[in-house]
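**Student:** Build me a model from this:
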Amino acid sequence: MIRRPRDDDSDLDTVIVGGGPAGLTAALWLAHLGRSVRLFDAGRPRNLPARRIHGFPGLPEISPAELHARIADHARRAGARIDLGVVCAIHGEKDDFAVETAHGEVVAARRILLAYGCSDRLPEIPGLREAFGTSVFHCPDCDGPTLRGEDVAVIGHDHRAAELALYLLSWSRRVTLLTDGHAPDLDAPVLALLHRCRVAVRTKRIARIVQHHGRIRYIELADGPRLAIPFLFVHLGSSPASDLGVRLGCESNVSGSILTRDGQQTSVPGIYAAGDLSGHPHLAVSAAADGARAALAIHRSLLPPEFELGRARRP
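**Tutor:** Residues are numbered from 1 along each chain as shown. A predicted model of the protein is given here:
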């Protein structure tokens, strides 16, 4: 008989680190499957500045806070425990992990799911952070389609920024690439392509972004004109919101994303990763799907070996 969720935390089936769509969905499914699960949420969601989450089936234009509250409530009603707290260290091995929180609590668990997400790198331009999530964005898939027919700008000076500018032409009327004082790190064919697609390249430093209640009024260039461009994308990259995966020895790629195989299993036995932390696309809906996939794999990994009936044992 599979163990049911219980009030005490002795020998939990799973501890989840991170309370975004991936972690919360995993908590919901693990509890639904009868597993004892506890989730630690640091309370610093990546999408907190955003007003709406786009493209989540059945929940059009829901706010990040409301989506969090709905999934968390569903998970709690299924039997998951969700606490506000920061996990600062994880020790041990598969079937015998010790999870240490910043408040000094130590929790035992048989499996670990890392779902603490990523943090975006933003340039230190006056006014930019105040507009982030309202008229300054980082994800073209989330926000590009909502700006159909609008003028947009992209901050960046390399091939990734040029690709983003061209990608935004799928929806935007006109795109401008702002290198913010950097010489464009682009070869001649790319510059020619931008010119053919009427993507203007402006190299002057950005002095400030003048905004009102998060909405851009204009972008002011140093010793240059004011650009009346209402929307801006930043493409300087992101990094994991914690180094727990690195300290645990999980294999990652050059961008810092934790590599996973079937069922979101990492290179470390008993450690799983889901959501933005495990790579693109960085969408709430795909993070939730990762969480469900990880939960099913964790549940199966905890079944008695004889249940496999001769099949290869899952990680």
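
**Student:** Residue 193 and residue 101: what is the separation?
**Tutor:** According to CB to CB, to the nearest Å, residue 193 stands 51 Å off from residue 101. Heads up, the C-betas are built off the backbone N, CA and C, glycines and all.

**Student:** Of the two, which one has the most company?
**Tutor:** residue 101 (17 against 13; other CB atoms under 10 Å).

**Student:** Helices of this protein, start to end?
**Tutor:** Secondary structure of the chain (DSSP state H): helices at 21-32, 64-78, 128-131, 140-143, 159-168, 188-196, 244-248, 284-301.

**Student:** Highest mean neighbour count out of those?
**Tutor:** Compared across those, helix 21-32 shows the largest average neighbour count, a mean of 29 (mean count of other CB atoms under 10 Å).

**Student:** how far does that one sit from the chain's center?
**Tutor:** Distance of helix 21-32 from the chain centroid (CA atoms, centre = their mean, to the nearest Å) equals 16 Å.

**Student:** pLDDT weak spots in the stretch 151-300 of the chain?
**Tutor:** Along the stretch 151-300 of the chain, segments meeting pLDDT under 70 span 236-237.

**Student:** Now with 80, please.
**Tutor:** Residues of the stretch 151-300 of the chain that meet the criterion pLDDT under 80 lie in 224, 235-238, 255, 279.

**Student:** now the stretch 1-150 of the chain
**Tutor:** 1-10, 44-51, 119-121.

**Student:** Now do the same contact list for the closest residue to residue 125 other than its chain neighbours.
**Tutor:** Among residues not flanking residue 125 along the chain, residue 206 sits closest, at 5.2 Å (CB to CB, 6 or more residues apart in numbering). Residues near residue 206 by CB atoms under 8 Å, 6 or more residues apart in numbering: 123, 125, 155, 178, 180, 181, 219, 220, 221, 222.

**Student:** Can I get the buried part of these as one PyMOL selection?
**Tutor:** To isolate the buried members of the contacts of residue 206 in PyMOL, using 16 or more other CB atoms under 10 Å:
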select buried, resi 125+155+178+180+219+220+221
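
**Student:** just checking, residue 183 touches residue 157?
**Tutor:** Yes: contact criterion CB atoms under 8 Å: residue 183 and residue 157 qualify, at 7.1 Å.

**Student:** between those two, which one's more packed in?
**Tutor:** The neighbour comparison of residue 183 against residue 157 (other CB under 10 Å) goes to residue 157, with 21 against 8.

**Student:** what's the distance between that one and residue 280?
**Tutor:** Between residue 157 and residue 280 the computed distance is 21 Å (CB to CB).

**Student:** cool, residue 166 as well?
**Tutor:** Residue 166 is 17 Å from residue 280, where distance means CB to CB.

**Student:** nearest spatial neighbour of residue 102, skipping sequence neighbours?
**Tutor:** Using CB to CB, 6+ apart, the closest residue to residue 102 is residue 86 (4.2 Å).

**Student:** no no, residue 242
**Tutor:** In space, residue 242 comes closest to residue 116 once its chain neighbours are excluded; the distance is 4.7 Å by CB to CB, 6+ apart.

**Student:** That neighbour: neighbour count?
**Tutor:** Around residue 116 there are 30 residues (other CB under 10 Å).

**Student:** That one contacts residue 241, doesn't it?
**Tutor:** Yes: between residue 116 and residue 241 there is a contact at 4.9 Å, judged by CB under 8 Å.

**Student:** Overlap of the contact sets of these two?
**Tutor:** 18, 42, 277.

**Student:** would TSV of these with distance to residue 59 be doable?
**Tutor:** Formatted as TSV, the shared contacts of residue 116 and residue 241 follow (distance: CB to CB, whole Å):
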residue	distance to residue 59
18	20
42	24
277	23
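
**Student:** Pick the one among those closest to residue 32.
**Tutor:** Nearest to residue 32 among those: residue 18, at 18.8 Å, using CB to CB.
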